[in-house]
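Undergrad: Got a predicted model here, sequence first, then my questions.
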Amino acid sequence: MNGIFPLLIIGCWFAITVCVEISLGSTLGNALVGIKPIPINGVNRKLTFLESFKRHLLDPVDMFFFGLVGFVTIQSSEYHQRVGDIWAKTIVVSKDYIGK
């Protein structure tokens, strides 16, 4: 792939994941199932740009081998985090989470 097409794909990924998450507080999929990401310290706030970007930059790692990497990481981490969540220092909680 060359030219503008790869940039369009990256731009769409960025808009659908990072931009939606920092503006609405969760991605559309997370909102549909009633969950949202927050910082690991438990403060109930929207993620910053960097936190959201880090979470989603590692999505391909979590999805590797049909999601096995993400599944194993979630099952074995203390707070049931994906690889991206561990790097971004975030957790995913219920939309109704009150927090600190």
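TA: That came through fine. Numbers count the residues shown, from 1 in each chain.

Undergrad: okay, CA-based contacts and neighbour counts for the rest of this
TA: Noted.

Undergrad: List the buried residues for stretch 58-74?
TA: 58, 59, 61, 62, 69, 70, 71, 73, 74 (16 or more other C-alpha atoms under 10 Å).

Undergrad: Arrange those residues in a markdown table, one row each, with distance to residue 84, secondary structure and pLDDT as further columns.
TA: Formatted as a markdown table, the buried residues of stretch 58-74 follow (distance: C-alpha to C-alpha, whole Å; DSSP: H, G, I helix; E, B strand; the rest coil; pLDDT from 0 to 100):
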| residue | distance to residue 84 | secondary structure | pLDDT |
| --- | --- | --- | --- |
| 58 | 5 | coil | 94 |
| 59 | 7 | helix | 92 |
| 61 | 8 | helix | 93 |
| 62 | 7 | helix | 91 |
| 69 | 11 | helix | 94 |
| 70 | 9 | helix | 92 |
| 71 | 12 | helix | 95 |
| 73 | 10 | helix | 95 |
| 74 | 11 | helix | 95 |
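
Undergrad: where along this structure do the helices fall?
TA: 5-14, 20-24, 28-33, 49-57, 59-62, 64-76, 83-88 (DSSP state H).

Undergrad: low-scoring pLDDT stretches of this structure, where are they?
TA: Applying pLDDT under 70 to the chain flags residues 1.
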